[in-house]
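> what's the 3D shape of this:
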Amino acid sequence: SFLVFLIFGLAMLMPSNMQTQHPYGFFDGDALGTERGQLLDWADVYNNTNLPAGSISKFVIDGRVPDTIYTGGGTKDFLPINGGNASKSWQWKTADGSSSDKSNITHAGAIVIDGVIYFFGDRFSADGSTNIGFWLFQDDVRPIEGGRFSGEHTNGDILVVAEIVQGGSAGRIDAYVYDDITGTLTQSSKSMSAIDTDFSTLDGIVNSSSTPSPWPHTPKNEPPNTLPAITFFEGFINIKKLIKDGDLSSSANCFSSFIIETRASFSLSSILEDFVSGDLNVQPRVTIADITKCEDDELGILTAVAEGGIPPLNYVWTLPDNSTVDTGADNTLNPTVAGTYSVVVSGEGLGGIGTSCPSESDSAIVTINPKPTVNNATDTFCDEDQTDKSLSDYDS
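Numbers count the residues shown, from 1 in each chain. Now for the predicted structure:
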């Protein structure tokens, strides 16, 4: 009787503990958030609705025809992503049916909530076991023209490797940090080191039974708009807690992009197969536009347009005399003189309050066209569209 009571008690506690650790449906084995009263799930990321304030998310669709896969066999984890030698850098190609059904990722996504990064990928078929890799990059890493990738490894990039076994469960799951100075793993460059994790900082699950797909999906030999058993994988890594506990350097605080991939094995020497990439923009991006005005006209306002970043955002401007102005949450600046103005926007880092994640700077040129003295029909002057005109262009 005591044993039955104990088992029952533990069964009652487990969902509560799961609910406490993950108050959303991004780690419950489905994409709808219908279990345990979850309100938000990957369906909301897909529809971009009702997401938590301050969260950053991305949903990616990867078509099967033509399929996009890595080029060549062997591991690429420690190689330069966009190095001078193409044969020793990351490469990709497109070809019909170029990845196996079990390794073909059709949709993927990631969302950042309070320092926790949740991620998912679904596969075309559950014909066999496979392994999932999830790369977090601080640089803008993505496929570009010519079969190459943009961006480069940065110390602090993170790789999660998870094993999906044929029986329908997630097996081993490990995380590694890229560091070409203190790395201890991989046979050639010693660029990777294992991160000390537990189930509160890293975990992954697969769907044990078929579940509805909230996005259009046609799996192999299954009804449309369903996610067959063992084809839907989701996991999380708690960056904030890893940094707080000292298991991860505070430098692993800002991320711009991610790649979800299938791997032939669980090891770091695995052949890489299919992949899906997306931007995450924990590190924000910022742009400002040039201003051209006539002398004696009001110069207008410089407006910084930020993409991504975890609020509250903070703007710091550098003026033509190299002095700086911190406008706080205000993304505008009134220029007073001609010259080059630049701005950096910072959001909160994944380590939480007190950590900062600054963008790269962007610059704008403020130009003031002088007001000439008009003596004859060949002189020029500023007009409303801020371009020089000849008096001969006008009737009077």
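> ok, which stretches of the protein are helices?
In order along the chain, the chain carries the following helices (DSSP state H): 2-21, 42-47, 239-244.
> pick out the shakiest of these, pLDDT-wise.
Per-segment confidence across the helices of the chain bottoms out at helix 2-21, which has a mean of 38 in mean pLDDT.
> list the contacts of residue 239.
Residue 239 makes contact with 115-117, 158, 248, 252-253, 350-351, according to C-beta atoms under 8 Å, 6 or more residues apart in numbering. The C-beta positions use only the backbone N, C-alpha and C, and glycine is treated the same way.
> I'd like to know how far it sits from residue 335.
Residue 239 sits 38 Å away from residue 335 when distances are taken as C-beta to C-beta, to the nearest Å.
> what about the closest residue to residue 249 other than its chain neighbours, how many residues close to it?
Leaving out its chain neighbours, the residue that sits closest to residue 249 by C-beta to C-beta, 6 or more residues apart in numbering is residue 156, at 6.2 Å. By the criterion of other C-beta atoms under 10 Å, residue 156 has 19 neighbours.
> and what of the one 3 residues further on?
Here the number of neighbours of residue 159 (other C-beta under 10 Å) works out to 21.
> excluding covalently adjacent residues, which one is nearest to it?
Leaving aside its chain neighbours, residue 159 sits nearest to residue 176 (4.7 Å; criterion: C-beta to C-beta, 6+ apart).
> I'd guessed the one you found sits against residue 196; true?
No - because the distance of 11.2 Å does not satisfy C-beta atoms under 8 Å, residue 176 is recorded as not touching residue 196.
> circling back: need the contacts of residue 239 in JSON lines (columns: distance to residue 297, pLDDT and neighbour count).
Output for those, formatted as JSON lines (distance: C-beta to C-beta, whole Å; pLDDT from 0 to 100; neighbours: other C-beta atoms under 10 Å):
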{"residue": "115", "distance to residue 297": "47", "pLDDT": "95", "neighbour count": "22"}
{"residue": "116", "distance to residue 297": "50", "pLDDT": "96", "neighbour count": "21"}
{"residue": "117", "distance to residue 297": "48", "pLDDT": "97", "neighbour count": "25"}
{"residue": "158", "distance to residue 297": "51", "pLDDT": "96", "neighbour count": "22"}
{"residue": "248", "distance to residue 297": "52", "pLDDT": "93", "neighbour count": "26"}
{"residue": "252", "distance to residue 297": "48", "pLDDT": "89", "neighbour count": "24"}
{"residue": "253", "distance to residue 297": "43", "pLDDT": "90", "neighbour count": "23"}
{"residue": "350", "distance to residue 297": "44", "pLDDT": "94", "neighbour count": "26"}
{"residue": "351", "distance to residue 297": "46", "pLDDT": "92", "neighbour count": "23"}
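> as a markdown table, the residues you listed with distance to residue 296 would be great.
Compiled in a markdown table, those are given as follows (distance: C-beta to C-beta, whole Å):
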| residue | distance to residue 296 |
| --- | --- |
| 115 | 51 |
| 116 | 54 |
| 117 | 52 |
| 158 | 55 |
| 248 | 56 |
| 252 | 52 |
| 253 | 47 |
| 350 | 49 |
| 351 | 49 |
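> alright, I will stop here.
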